[in-house]
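Visitor: Need coordinates for the following:
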Amino acid sequence: MTLDPVIRLRLSTMMFLEFFVWGAWFVTLGTYLAADLGASGSQIALAFLTQSLGAILAPFIVGLIADRWFAAQRILGVLHLFSAVMLFLAGRQGDFGAFFVFALLAMISFMPTLALANSISFRRLTSPERQFPAIRVFGTIGWIVAGLLIGWLGWEAGGALENTFVMAAIGSALLGVYAFTLPHTPPEPGQGRVTVRDVLGLDALALLKSRSYLVFFLASILICIPLAFYYNFTNLYLNEIGVQSAAAVQSLGQVSEALFLLVMPLMLRKLGVKRTLLIGMLAWALRYALFAFGDAGSLLWLVIIGLVLHGVCYDFFFVAGQIYTDRFAPKHVRSAAQGLISLATYGVGLLIGSLISGPIVDAFLAADGTHDWRTIWLIPAALAVGVALFFAALFRERETVEAAEVPQGA
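Guide: Reported below is the predicted structural model:
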């Protein structure tokens, strides 16, 4: 059944604005904090930790509130309007402590909107597996456009990154208003009583009885530790070594993410789950090694390749992992399994990574205010190799769903 073009346009616009808001301030956050607020590496990591805290709290907001009492598009609108105010105020603070409070409130309100946007989309699609990628790709485009705007306006070179919070606030306010015009998406009829156990996906814990799924689960948490180095410090690194329009250059990663997403089904068929996931993990190690030995001069091509590898890093592990989880889990716990893996990665894994990455970056700060980036990047490269070896040695792809059979009453 063909999707109504008007619905397609409205959902695509929602996705564009959703990720435009995120990319408008989060990419350059480390550079802004270091340059404007004089933040240390540990403080920068703490600021990025707001994403993890928001991810941990998001299931409670969506699962215990939106899924029970309110229409999804209304919650989406309210959260984005509140987030717009918090983002605007965050960019007006003169010290890190006050900034952190507003950034945390902004992220607590923003992270649940990712699930809400997906929910609104899935409820309107006639064939989600076929139609959703074409809708979701506009989110990636929104992130890219935000980075290109920052570069075009010269806010990094001009020391005007406080404007990114204004841009993000405007985008969030626009989406907040626009959300109230989206198709009505009330709670599912017969939803029943949703418990904390449901929200945390605890019924999916029985999947961990399978050694292979347990290995995958642990590897998903562990790979997010080196991942935090990329999210937290790449923009600061690019600006510090002298890459022009760093945010715009960094958007090459999202371009590759969109392209590699299209070949993901083929890769899984040709390579299988284990090889695909291993390629994703090893790509993280290669990327960090390229960053370690690249520069803004004759070796800029190493940095560019490292950025373009983002599509392999993200799609070949995280997207492939989501598909693997959907295949592995019995039908009655698939949603819980996806929720559990998201909580483990974006919540626990990135939280640990943020706590580790900040002190490491601070440890290699020179007296002139620059960093020993070669040593810094080789640390997450080694961590990624270690996770890949752990996964390669212990993961067995041939284990079937029956090996992790979950009783209906679990």
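Visitor: Endpoint to endpoint, stretch 147-165 covers what distance?
Guide: End-to-end distance of stretch 147-165 (CA to CA, to the nearest Å): 13 Å.
Visitor: Give me the residues contacting that stretch.
Guide: 23-25, 27-28, 31-32, 35-36, 87-88, 90-92, 167, 239, 244-251, 254 (CB atoms under 8 Å, 6 or more residues apart in numbering). C-beta: built from backbone N, CA, C; applies to glycine.
Visitor: What of stretch 234-241?
Guide: By CB under 8 Å, 6+ apart, stretch 234-241 touches 27-31, 34, 44, 156, 246-247, 249-250, 291, 294-296, 303, 307, 370-371, 373, 377.
Visitor: Leaving out chain neighbours, which residue sits closest to the residue most central in space within the chain?
Guide: Among the residues of the chain, the one closest to the centroid is Y346, at 6.9 Å (CA atoms, centre = their mean). Distances taken as CB to CB, 6 or more residues apart in numbering place A55 nearest to Y346, at 4.0 Å, with adjacent residues excluded.
Visitor: do the same with L227
Guide: L227's closest residue in space is G353 (CB to CB, 6+ apart), at 6.1 Å.
Visitor: Contacts only, for that neighbour.
Guide: 224-229, 232 are the contacts of G353 under CB under 8 Å, 6+ apart.
Visitor: Sketch out the low-pLDDT regions of the chain for me.
Guide: 1, 59-68, 128-129, 187-203, 331-336, 338, 398-410 (pLDDT under 70).
Visitor: my guess is the residue nearest to the centre of the chain meets L53, correct?
Guide: No. Applying CB atoms under 8 Å, one finds Y346 not in contact with L53, separated by 10.4 Å.
Visitor: about what we covered before: ok, so of the contacts of G353, who is nearest A388?
Guide: Nearest to A388 among those is P226, at 10.5 Å by CB to CB.
Visitor: count of neighbours near the closest one?
Guide: P226: 28 surrounding residues under other CB atoms under 10 Å.
Visitor: For it, which non-adjacent residue is closest in space?
Guide: P380 (3.4 Å).
Visitor: Restricted to helices, list the contacts of stretch 147-165.
Guide: Residues of the contacts of stretch 147-165 located in helices (DSSP state H): 23-25, 31-32, 35-36, 87-88, 90, 167, 239, 246-250, 254.
Visitor: and T181, which of the three is it?
Guide: coil (DSSP: H, G, I helix; E, B strand; the rest coil).
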